[in-house]
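S.K.: With the sequence up front, the predicted model follows.
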Amino acid sequence: MYDLDRASVFVLGRVHGLTRQQLGAAVTRAGAKLQSRLKKRVTLVAVGSGTAYALLTGSRMIHVLERMPDHAAPISELSLQRSLGLAP
């Protein structure tokens, strides 16, 4: 699990079972901020499980990860859900 206090989170793709509004509320409750764009201040980049397959098969979305700030940590959708207390 990741400590989301004061984190800046960008989600590449979708988080299964959550609308963007629900995700934003969960991230805010955890003390973090959900970013709509991949900015320099982003500290965590969560990759949705549906997007992971696209990335591995040569999707153009790989360019988004190439622009990820050096200090940002890539995490899985499941790791994000666990950090938010939404998955065991």
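M.R.: That came in fine, so what should we check first? The structure presented is a predicted model; accordingly, all values stated were derived computationally and were not measured.
S.K.: Just the pLDDT at the closest residue to residue 88 other than its chain neighbours, thanks.
M.R.: In space, and not counting its chain neighbours, residue 88 is closest to residue 82: 7.4 Å by CB to CB, 6 or more residues apart in numbering. For every residue, glycine as well, the C-beta is placed using N, CA and C. According to the prediction, residue 82 has pLDDT 96.
S.K.: Was I right to think residue 82 contacts residue 1?
M.R.: Yes - using CB atoms under 8 Å, residue 82 is in contact with residue 1, at 5.3 Å.
S.K.: Neighbour count: the two, which is higher?
M.R.: Neighbours per residue (other CB atoms under 10 Å) separate residue 82 from residue 1, with residue 82 holding more: 15 against 10.
S.K.: Quick check: that one is in a strand.
M.R.: No - counting by DSSP: H, G, I helix; E, B strand; the rest coil, residue 82 is not part of a strand but helix.
S.K.: so how far is residue 60 from it?
M.R.: Distance of residue 82 to residue 60, given as CB to CB, to the nearest Å: 29 Å.
S.K.: and what of residue 3?
M.R.: 32 Å.
S.K.: Just the helices from this protein, written as ranges.
M.R.: 20-29, 49-56, 62-66, 77-83 (DSSP state H).
S.K.: Can you say which of these is nearest to residue 39?
M.R.: Ranking the helices of the chain by proximity to residue 39 (CB to CB) places helix 62-66 first, at 12.2 Å.
S.K.: residues making contact with that closest one?
M.R.: When contacts are defined by CB atoms under 8 Å, 6 or more residues apart in numbering, helix 62-66 is touched by residues 12, 38, 45, 47, 55, 74.
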